[in-house]
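*Asks:* the sequence and its predicted three-dimensional model are supplied below.
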Amino acid sequence: MPPKPKFTREEIIDAALKIASDKGLKALTSRELGAELGSSARPIFTVFKGMDEVLSEVRKAALARFDEYAEKAKLYTPVFKQVGLQMIMFAAEQPKLYRLLFMSEKPEAETFDDIFRNLGPNATLCIEVIRKDYSLSYDDAMLLFKHTWIYTYGVGALIASGMCRFTQNEVQDMLSREFVAMLSLIKSGKANSCTTIPEKKS
C-alpha cells in the first residue's frame, strides 16, 4: 500500500509558486520546496513523479494568476486597453512570474498563433470586443491585437527585467498612442504594407 501523502497536490503547487514568485524559477529545487513546506523533499515525490511535473504545474498556476489580473479588465471600459494595463501591472507586481511566463528560453521559437492559443479565453474575448467596438473584421481585429500585444509585452519586459520604470500615466499614454496609431493604419487599409518587411533588392 503506497504511503499516504503528507501534503496535498494543491499545497505543494502553492508552495512552489511562492518560491517562483519570490525567488525565481531557478530557486525552485526539491530541497527548497521541501524547506518551504517545512519538510524534507521526500513527501513531494509521493504526489509528483518529479520536479519536471512540479514545474509544469507551477507554470499553469502562474498563468492562472495572470488570468486573475486580466479578468479585472472586464470591469472597465475600454476592455482591451485595460487588458494591456493589467498585463503591465502584472509585470510590475509579479516580475518573476512575468519572466517565467513570457521571457523564458524555449528550445525553438513559436509563431504568434501559438502564443495566442496559449493566452487563454481572455485573448479571445479581446478579439470579440475589438470587432464589436471598432467594427473590424476578424483578420483586422487579430492584426490590431497582435501588434498592440507585442508592444505591451515589450513594455512589460522592460519593467519585469528592471531595465525601465514608467509611471501609470506614462504607460496609459504609450498604450493609447500605439493602439490609435495601429487602428488608424488598419482603417486606412495601409496596415499590411506598413507591417510587411520589404524584400532585399538584388
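*Replies:* Ah, there it is.
*Asks:* which ones are touching the closest residue to Lys6 other than its chain neighbours?
*Replies:* Nearest residue to Lys6 in three dimensions, chain neighbours excluded: Pro43, at 3.9 Å (C-beta to C-beta, 6 or more residues apart in numbering). C-betas here are computed from N, CA, C, even on glycine. Going by C-beta atoms under 8 Å, 6 or more residues apart in numbering, Pro43 touches 5-7, 34, 37.
*Asks:* restrict the longest helix anywhere in the chain to CA atoms and write it as CSV.
*Replies:* Ordering each helix of the chain by length in residues (DSSP state H) puts helix 138-160 first. Taking C-alpha atoms only, helix 138-160 is exported to CSV below (Å, rounded to 0.1, in the frame of the first residue of the first chain):
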residue,chain,number,x,y,z
TYR,A,138,-11.7,39.1,-37.6
ASP,A,139,-8.4,39.4,-39.5
ASP,A,140,-8.1,43.1,-38.8
ALA,A,141,-9.0,42.6,-35.2
MET,A,142,-6.4,39.9,-34.9
LEU,A,143,-3.8,42.2,-36.6
LEU,A,144,-4.6,45.0,-34.1
PHE,A,145,-4.4,42.6,-31.2
LYS,A,146,-1.1,41.2,-32.4
HIS,A,147,0.7,44.5,-32.7
THR,A,148,-0.6,46.1,-29.6
TRP,A,149,0.1,42.9,-27.6
ILE,A,150,3.7,42.7,-28.8
TYR,A,151,4.2,46.4,-27.9
THR,A,152,2.6,45.8,-24.5
TYR,A,153,4.7,42.7,-24.0
GLY,A,154,7.9,44.8,-24.7
VAL,A,155,6.9,47.4,-22.1
GLY,A,156,6.2,44.7,-19.6
ALA,A,157,9.6,43.0,-20.3
LEU,A,158,11.4,46.3,-19.7
ILE,A,159,9.6,46.6,-16.3
ALA,A,160,9.9,43.0,-15.3
